[in-house]
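1. Fold the following for me, if possible:
(one chain, ligands or ions: 2)
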Amino acid sequence: MKKIYILMILFVFLGVPFSETKAQSSNDSSIVYFTRDISPAGVMKLFEFLKDSVHGNVGIKVHFGEDGNEYFVPATMVEPLCNYLKATLIETNVAYRGRRRYTDTHIQLARDHGFTFAPIDILDSGGTLVMPIENGVRFKNALIGKNIEKYETIIYFTHFKGHGSAGFGGCIKNVSMGMATPEGKKLMHSNNFPVTDTAKCTRCGDCIKDCPANAITLNPLTIDKEKCIGCGKCITTCTNDAINAPDNGEKTKRFLEGLVEYAKPVTEFRNSIYFNIIINVSPSCDCSGNPKKPFVQDIGILMSTDIVAIEAAAHDMVDAAHQCDDAFMKENSVSGKHQIEYAYQLKMGNKKYKIVEVK
Ligand code: SF4
Ligand code: SF4
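-> Ligands and ions are numbered 1, 2, ... in the order given. Below is the predicted model:
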């Protein structure tokens, strides 16, 4: 509660425009720009503070949404920014069934979801770029969509929401899982199989509908490890606690550390700007075709050049709105906070942040 109280004071104290503040860090904290104006105009107002840091060919990393999921950040939100920068919308294919698996159907899905105003580049359509991970413990290399090399500035336009295996999905996940090839995604998810509790299963069948890998069977409830890709969708889908994260200890920690390690060389490869759009905060990720309903009101938009600071700020805001210390632990029984701590340990950014509210 103490942290929530401090956060509220910070908002009140900083609830005025800080147009004179252009520095991206001050003393021992990093600047995180914030607006409650959840609109394309709100995005542009924030971007005004960092536009001078953009150079070269610009790629904007988005998520085009999944069939059956309406919670992804709508195309209209990024359209003016994309047009202003003459940017390319960038994404990677996924490892499971559905239209996002192949480049042509993935692009068609994007167009169907309104991303019609810019070129689209599916980064792994050009092959794989192997990026060494300095001091990596979980991975030695990250397998990243090779077309990343075409962009000098990358803007990660991220939906901040829950995730069955990662606790939450924000900018770190948008960089790691979001920029990885399907093979890289599989490697990150490997050995992260959920555990089942047959006694709690009511055989409603919801998890079967949501599993992208056809890995679940009933009577008794079983997950086929040969097929499971460890995406965690079934964990958030099952409301009866019959499918759960492998444990809340070592395996989850390993998965989160793998995510962070994958993100590290990508963040260092190019000039990067991060957005967290805190709307439709569902416990489920945008890849779920059957997501759970949002559990807090829409909050606003954050922007920073510090990936750790923006994740910490977004998490704290959701915690404050949900009146608890870990909203995603409460909703998903999985804490993702180790993403932030481990990214800080890997010197990817600063946990301390200063909110600059832009009106
Ligand atoms: S969603 Fe849960 S209760 Fe329903 S079939 Fe799957 S495991 Fe059983
Ligand atoms: S984690 Fe669950 S939803 Fe995902 S592939 Fe495995 S069984 Fe299916």
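2. what does this structure put close to ligand 2?
-> Residues of the chain found near ligand 2 (CB under 6 Å from any ligand atom) are 194, 211-213, 215-216, 223, 228-234. Where you see a C-beta, it was placed from the backbone N, CA and C, and this is true even at glycine.
3. Mark which of those are part of strands, please.
-> 216, 223 (DSSP state E).
4. The residues of the chain next to ligand 2: which ones sit near ligand 1?
-> Okay, of those, nothing touches ligand 1 (CB under 6 Å from any ligand atom).
5. what about the strands in the stretch 151-300 of the chain?
-> Taking DSSP state E, counting those that start in this stretch as the criterion, the stretch 151-300 of the chain carries its strands at 153-159, 161-163, 167-169, 195-196, 216-217, 222-223, 243-244, 271-278, 300-304.
6. Can you give me every residue that contacts the closest residue to ligand 1 within the stretch 1-150 of the chain?
-> Nearest to ligand 1 in the stretch 1-150 of the chain, going by CB to the nearest ligand atom, is G68, at a distance of 15.8 Å. Neighbouring residues of G68 by CB atoms under 8 Å, 6 or more residues apart in numbering: 288-290.
7. Check which residues of the longest helix anywhere in the chain are buried.
-> For the chain, the helix with the greatest residue count under DSSP state H is helix 250-269. By neighbour count with 16 or more other CB atoms under 10 Å, helix 250-269 contains the buried residues 251-252, 254-267, 269.
8. Stretch 107-124 too?
-> Neighbour counts using 16+ other CB under 10 Å place 107, 109-110, 113, 115, 118, 120-124 of stretch 107-124 among the buried residues.
9. how near is the residue of the stretch 1-150 of the chain closest to ligand 1 to I60?
-> 24 Å (CB to CB, to the nearest Å).
10. about what we covered before: next, the residue of the stretch 1-150 of the chain closest to ligand 1: phi, psi?
-> phi 90, psi -10 (degrees, to the nearest 10).
11. Let the chain start at 24 from now.
-> From this message on, residue numbering opens at 24, which makes the last subject G91.
12. what's around A335, how many residues?
-> 26 (other CB atoms under 10 Å).
13. Where does it fall, secondary structure wise?
-> According to DSSP states H and E, A335 maps onto helix 330-345.
14. what's the angle between that helix and strand 294-301?
-> 10 degrees (axes from the mean of the first three to the mean of the last three CA atoms, to 10 degrees).
15. avg pLDDT for helix 330-345?
-> Helix 330-345 carries an average pLDDT of 98.
16. just checking, what packs against that helix?
-> helix 25-36, strand 52-58, helix 194-202, strand 294-301, strand 323-327, helix 350-355, helix 360-368, strand 376-380 (3 or more CB pairs under 8 Å, 6 or more residues apart in numbering; DSSP states H and E).
17. Buried residues, that helix. List them.
-> 330-345.
18. Find the residue closest to V117 in space, skipping its chain neighbours.
-> Nearest residue to V117, sequence neighbours excluded (CB to CB, 6 or more residues apart in numbering): R123, at 4.7 Å.
19. Does the one you found belong to a helix, a strand or coil?
-> At R123 the chain is in helix, as set by DSSP: H, G, I helix; E, B strand; the rest coil.
20. near ligand 1, which residues of the stretch 174-323 of the chain show up?
-> 224-230, 241, 244, 260-261, 263, 265-266.
21. circling back: my read is that the residue nearest to V117 contacts G88, right?
-> No: using CB atoms under 8 Å, R123 is not in contact with G88; the gap is 9.0 Å.
22. Common neighbours of these two, please.
-> With CB under 8 Å, 6+ apart, R123 and G88 have common neighbours L132.
23. For the residue of the stretch 24-173 of the chain found nearest ligand 2, which non-adjacent residue is closest in space?
-> Minimum separation of the stretch 24-173 of the chain from ligand 2 (CB to the nearest ligand atom) falls at Y119, amounting to 6.8 Å. Of all residues not flanking Y119 in the chain, P235 sits nearest, at 3.5 Å (CB to CB, 6+ apart).
24. Return the distance of stretch 300-309 from the chain's centre.
-> Its chain's C-alpha centre and that of stretch 300-309 lie 9 Å apart, by CA atoms, centre = their mean, to the nearest Å.
25. again with stretch 105-113
-> On CA atoms, centre = their mean, the centre of stretch 105-113 falls 20 Å from the chain's centre.
26. try stretch 373-382
-> 19 Å.
27. What residues sit buried inside it?
-> For stretch 373-382, burial by neighbour count (16+ other CB under 10 Å) applies to 373-381.
28. which stretches of the stretch 274-382 of the chain aren't confidently modelled?
-> Along the stretch 274-382 of the chain, no part satisfies pLDDT under 70.
29. can we see that at 90?
-> By pLDDT under 90, the low-scoring segments of the stretch 274-382 of the chain are 274-275, 308-315, 355-356.
30. Please work out which residue of it is closest to ligand 1.
-> For the stretch 274-382 of the chain, CB to the nearest ligand atom, closest residue to ligand 1: N313, 9.7 Å.
31. Thought K232 was touching that residue, still the case?
-> Yes: with contacts defined as CB under 8 Å, N313 counts as touching K232 at a distance of 6.0 Å.
32. So which of the two has more stuff around it?
-> A direct count of neighbours by other CB under 10 Å for N313 and K232 places N313 higher, at 16 against 12.
33. So what does that one look like in phi/psi?
-> N313 adopts backbone torsions of phi -150, psi 60, taken as degrees, to the nearest 10.
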